[in-house]
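Peer 1: fold the following.
(one chain, ligands or ions: 2)
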Amino acid sequence: MLTREDNEILTRVGPGTPMGELMRRYWVPVVLSGELEAGGRTKRVRILGEDMVAFRTAGGEAGLLGEYCSHRRVSLYFGRVEKDGLRCCYHGWKYGLDGRCLEMPNESPETDFKHAVRHPAYPCRERGGIVWAFMGDPAHITEVPDFEWLGLPDNQRFISKYYQDSNYFQALEGGIDSSHISFLHAPLDTADQASLENIEKAGFGVDTAVGTSDRSPRFEVVDTDYGVMIGARRNAEGERYYWRITQFIMPFYTMPPPQDEDPILHSHAWVPADDGHLINWTITWHPTRPLKEEELMSLNTGFSAHITKYGPPANGPYGDVRPAATRAADYGMDWEAHRTRMFCGIPGFGMQDRAMTESQGAIFDRTLERLGTSDTAIIQVRKCLIDSAKLLRQEQAHPPGLDPKLHHVRAASVRLPKDAVWVEAVKDRVHIAS
Ligand code: FES
Ligand SMILES: [Fe+2]
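Peer 2: Ligands and ions are numbered 1, 2, ... in the order given. Okay, the predicted model is just below:
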């Protein structure tokens, strides 16, 4: 349970809020580089409660400007992308990538006051096929993130994103909650081979965890320089424990454990769009080879953690990545499968997660929850974020995990002797040599 005050700190991300200010110390992913065509159309985005338009100048540079024109607040979504900036469609004011007003063509030279106008604009950089923005005070600008998947060729990773109707943190909680795997993503009968195989196809170490038939994992958490490392152990055959190691990396990244010895890895970025919405980025990668056609197909089937089937373009931020399956249609629930085969008859892991965390409401009231020992990781990650936000507000500590070198970590799944010290035993697996 959280106090009302801490729940507010955890979930509110707009400008001036403690969490909003903390998040503004980190680079945020905006869109895929491939979504912005040089000199092409703009895209509406919303991040940390701010409406913006992303575009790529005819000169090839990615830009991010506040959506509403500084003149009379028309949407710059309709703007004209030019060589060095974006021009408002209403009276032709033109903004550079740094937010300076470059031209004010509807004003005579005597009244021209373009030098007095400063439009909201954020620096962008591109890395790993993603446009990143820094939305904080430029005095605090840092290096862009350096996750393993960002340094790979495009054909070794698969990235998708969708817009979710809930606060970022309750979606993130699903990403560090190893115990729901044995329920939400499991067949009703774990001896049912066909269901297990279906689940196996989707990765995420699900079948192995479910296959141990231990449905009450014990959690242990370790604070790190980048966030929290989470160990969840289940009883396994041969006097061993099956450990699933999940990573939380500040401020909104998680890495779920892979299949047993499977080298295919996954991560999420749970990026707050505003207090009641998030952009759920899902990343799958192979560290040493291109993803195979059949692997890409299975990520794209709709059964994996990736949600890639979108509805018709909506008029709003990230309007092109609103899932086709809607809450109103029960997310495609197959009630017959629900009754006879699956713990939850909603097709696809990503969709099951989305359905659960949207069903909590936009921001759920954490004063009403009853946490158990299986919520240990959730408690620790909340504490990491809330404490970091409070300390930053009091100017007592730098936010953790800003140094990109700290990003060189992975999740892992491993069987260990019962007397092994897991943190020691997994060291080589979870740290990537820089
Ligand atoms: S409203 Fe944009 S130039 Fe007038
Ligand atoms: Fe899940």
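Peer 1: what pLDDT does the model give the residue of the stretch 151-300 of the chain found nearest ligand 1?
Peer 2: Ranking the residues of the stretch 151-300 of the chain by distance to ligand 1 (Cβ to the nearest ligand atom) places residue 274 first, at 23.5 Å. In this view, the C-beta of every residue, glycine as well, is placed from N, C-alpha and C. Residue 274 carries a pLDDT value of 98.
Peer 1: give me the beta-bridge partners of it?
Peer 2: Beta bridges link residue 274 to residue 277, judged by DSSP bridges.
Peer 1: who's in contact with it?
Peer 2: Counting by Cβ atoms under 8 Å, 6 or more residues apart in numbering, residue 274 makes contact with 13, 14, 46, 48, 49.
Peer 1: restricted to buried residues, select those residues in ChimeraX.
Peer 2: To isolate the buried ones among the contacts of residue 274 in ChimeraX, judged by 16 or more other Cβ atoms under 10 Å, type:
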select :13,46,48,49
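Peer 1: would you turn the contacts of residue 274 into JSON lines with distance to ligand 1?
Peer 2: What follows is these, written out as JSON lines (distance: Cβ to the nearest ligand atom, whole Å):
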{"residue": "13", "distance to ligand 1": "27"}
{"residue": "14", "distance to ligand 1": "24"}
{"residue": "46", "distance to ligand 1": "20"}
{"residue": "48", "distance to ligand 1": "24"}
{"residue": "49", "distance to ligand 1": "22"}
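Peer 1: reformat the contacts of residue 274 as a markdown table; add secondary structure, pLDDT and distance to residue 326.
Peer 2: Listed next are those as a markdown table, based on DSSP: H, G, I helix; E, B strand; the rest coil; pLDDT from 0 to 100; distance: Cβ to Cβ, whole Å:
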| residue | secondary structure | pLDDT | distance to residue 326 |
| --- | --- | --- | --- |
| 13 | coil | 98 | 25 |
| 14 | coil | 98 | 27 |
| 46 | strand | 98 | 19 |
| 48 | coil | 98 | 25 |
| 49 | coil | 98 | 24 |
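Peer 1: what about the most centrally placed residue in the chain, which SS state?
Peer 2: By Cα atoms, centre = their mean, the chain has its centre lying nearest to residue 269, at 1.9 Å. With DSSP: H, G, I helix; E, B strand; the rest coil as the basis, the three-state label of residue 269 is strand.
Peer 1: and it, what's its pLDDT?
Peer 2: On the pLDDT scale, residue 269 gets 98.
Peer 1: apart from its chain neighbours, what residue comes closest to residue 123?
Peer 2: In space, and not counting its chain neighbours, residue 123 is closest to residue 134: 5.2 Å by Cβ to Cβ, 6 or more residues apart in numbering.
Peer 1: confirm for me that that neighbour is in contact with residue 122.
Peer 2: Yes: with contact defined as Cβ atoms under 8 Å, residue 134 counts as touching residue 122 (6.1 Å).
Peer 1: in space, what's closest to residue 81 - neighbours in sequence excluded?
Peer 2: Nearest to residue 81 is residue 55, by Cβ to Cβ, 6+ apart, at 4.9 Å.
Peer 1: same deal with residue 365?
Peer 2: Here the residue nearest residue 365, using Cβ to Cβ, 6+ apart, is residue 7, at 7.1 Å.
Peer 1: the one you found contacts residue 367, doesn't it?
Peer 2: Yes: shown here, residue 7 and residue 367 form a contact pair, counting by Cβ under 8 Å, at 6.8 Å.
Peer 1: show the contacting residues for residue 310.
Peer 2: 162, 320, 321, 322, 323, 324.
Peer 1: now the buried members of those residues.
Peer 2: Buried members of those, counted by 16+ other Cβ under 10 Å: 162, 321, 322, 323.
Peer 1: now tabulate the residues you listed in JSON lines and tack on distance to residue 419 and secondary structure.
Peer 2: Conversion of those to JSON lines gives the following (distance: Cβ to Cβ, whole Å; DSSP: H, G, I helix; E, B strand; the rest coil):
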{"residue": "162", "distance to residue 419": "43", "secondary structure": "strand"}
{"residue": "321", "distance to residue 419": "47", "secondary structure": "helix"}
{"residue": "322", "distance to residue 419": "50", "secondary structure": "coil"}
{"residue": "323", "distance to residue 419": "46", "secondary structure": "strand"}
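Peer 1: how far does stretch 282-292 sit from its chain's centre?
Peer 2: Chain-centre distance of stretch 282-292: 18 Å, with Cα atoms, centre = their mean, to the nearest Å.
Peer 1: how is this structure divided into domains?
Peer 2: 27-140, 148-430 (automatic domain parsing).
Peer 1: straight-line length of the last one, end to end?
Peer 2: Looking at domain 148-430, the gap from its leading to its trailing residue is 12 Å under the measure Cα to Cα, to the nearest Å.
Peer 1: again, but for the first one
Peer 2: The separation between the terminal residues of domain 27-140, taken as Cα to Cα, is 11 Å.
Peer 1: how far off centre is it?
Peer 2: For domain 27-140, the distance to the chain centre is 24 Å (Cα atoms, centre = their mean).
Peer 1: repeat that for the last one.
Peer 2: Domain 148-430 has its average C-alpha position 10 Å from the chain's average C-alpha position, going by Cα atoms, centre = their mean.
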